[in-house]
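In: Sequence first, predicted coordinates after that:
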Amino acid sequence: MCGLAGVIFGNKRRRAEEREYLAWLFTRLLLLSEERGPHATGAAWLDTDGGHRLFKRPVTAERFVTDKAFAELLAGINNRATLLLGHTRWRTRGDERVNSNNHPIRAGEVIGTHNGTIYNADYLFRRWKMRRFAEVDSEILFRLAANAARDGAMDIERFKARLRRCRGQITAVIACRTDPQTVIVLKGNRPLELRWHPRRKAVLYASDPAYLDAVLAEEKGWREIAVPPMSLVVFRREDLAGYSVEPFEFVAQERKGAEP
């Protein structure tokens, strides 16, 4: 069990106050997500030029958000931002003291976060002869996404075809530095909830709806985006409200060795 939290930015010229407001909401979501993953915390942003900044440490969210490097990361968000993604990790495989095992994970031009376990990750790395830098199974998702990039953009059908071979639990948020204005959300057999604000042109997401309800209790204008399980959602910066939803498949399996 891990926690995903983040902001997907639509195309808008925001004042500093609004950028700070969205960063404040993100920080609160990250803190609430600590109960889902106390072993490591991470955050990253991506902008329209493909620029990015990533910071992660083997500490709780409570300690993480007080680090000067986290404040510097948030301060780097400007009107070119496309995505701010966070993760609180519950260690399953891979020592959190080895920071490459923590999320967000960068694989080539792809940056992403994952909640779940891919039980056949070792086999898939061997099967497709993919390079590997971390011990965690999550890396296979981002390697598959990077492998599916064609002419700088994600080939969704190729990515979906490879995902069908994965076995376990998948919910993830993925973006590519060569196509930074597109964000892909995989909502599989692990929870993820999303809220949209038409005026602010932003989407908030978190693994637990209670976190969003708590953070947005006194905030106006946020609307639920209903996304069923086993859905792949594509958000594009130019028109967040025009997101697309389509099914995707993998071998959903709740624990290793169990019948799917």
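Out: In hand now; what should we look at?
In: my guess is S244 contacts S231, does it?
Out: No: with contact defined as Cβ atoms under 8 Å, S244 does not count as touching S231 (10.0 Å). Every residue, glycine included, has its C-beta placed from N, CA and C.
In: Give me the more crowded residue out of these two.
Out: Legend: neighbour count by other Cβ atoms under 10 Å for S244 and S231, higher for S231 (16 against 10).
In: Contacts only, for the more buried one.
Out: By Cβ atoms under 8 Å, 6 or more residues apart in numbering, the contact set of S231 is L186, K187, V245, E246, P247, F248.
In: at 7 Å instead, please
Out: K187, V245, P247 (Cβ atoms under 7 Å, 6 or more residues apart in numbering).
In: and which of these is nearest K201?
Out: V245 (18.8 Å; Cβ to Cβ).
In: tell me the phi and psi of the closest one?
Out: phi -130, psi 130 (degrees, to the nearest 10).
In: ok, it touching F235?
Out: No: between V245 and F235 there is no contact under Cβ atoms under 7 Å: 10.3 Å.
In: neighbour count winner among these two?
Out: The neighbour count for V245 versus F235, taken as other Cβ under 10 Å, is higher for F235 (26 against 14).
In: can you give me the helices in the stretch 1-150 of the chain?
Out: Per DSSP state H, counting those that start in this stretch, the stretch 1-150 of the chain carries helices over the ranges 16-32, 61-64, 68-75, 121-127, 139-147.
In: Compute the distance from the centre of the helix or strand hosting E157 to the centre of its chain.
Out: E157 is located in helix 156-163, with elements delineated by DSSP states H and E. Distance of helix 156-163 from the chain centroid (Cα atoms, centre = their mean, to the nearest Å) equals 18 Å.
In: If we ignore the residues flanking it in sequence, what's nearest R106?
Out: Excluding the flanking residues, the one nearest R106 by Cβ to Cβ, 6 or more residues apart in numbering is L54, at 6.5 Å.
In: so who does the one you found touch?
Out: For L54, the contacting residues are A44, P104, R106, by Cβ under 7 Å, 6+ apart.
In: Select from those residues the one having the most neighbours.
Out: The most crowded member of these is P104, carrying 27 neighbours; neighbours defined as other Cβ under 10 Å.
In: separation between it and R199?
Out: Distance from P104 to R199, counting by Cβ to Cβ, to the nearest Å: 28 Å.
In: Tell me the helices and strands packed up against the helix holding E157.
Out: Judged by 3 or more Cβ pairs under 7 Å, 6 or more residues apart in numbering; DSSP states H and E, helix 156-163 is in contact with helix 139-147.
In: so the helix it packs on versus helix 156-163, what angle?
Out: Between helix 139-147 and helix 156-163, the angle comes out at 150 degrees (axes from the mean of the first three to the mean of the last three Cα atoms, to 10 degrees).
In: Minimum pLDDT in the contacts of L54, which residue is that?
Out: Ranked by pLDDT, the contacts of L54 bottom out at R106, which has 95.
In: Who is it paired with across the strands?
Out: I111 (DSSP bridges).
In: What separation do you get for it and V65?
Out: 21 Å.
In: for A210, helix, strand, or coil?
Out: With DSSP: H, G, I helix; E, B strand; the rest coil as the basis, A210 sits in helix.
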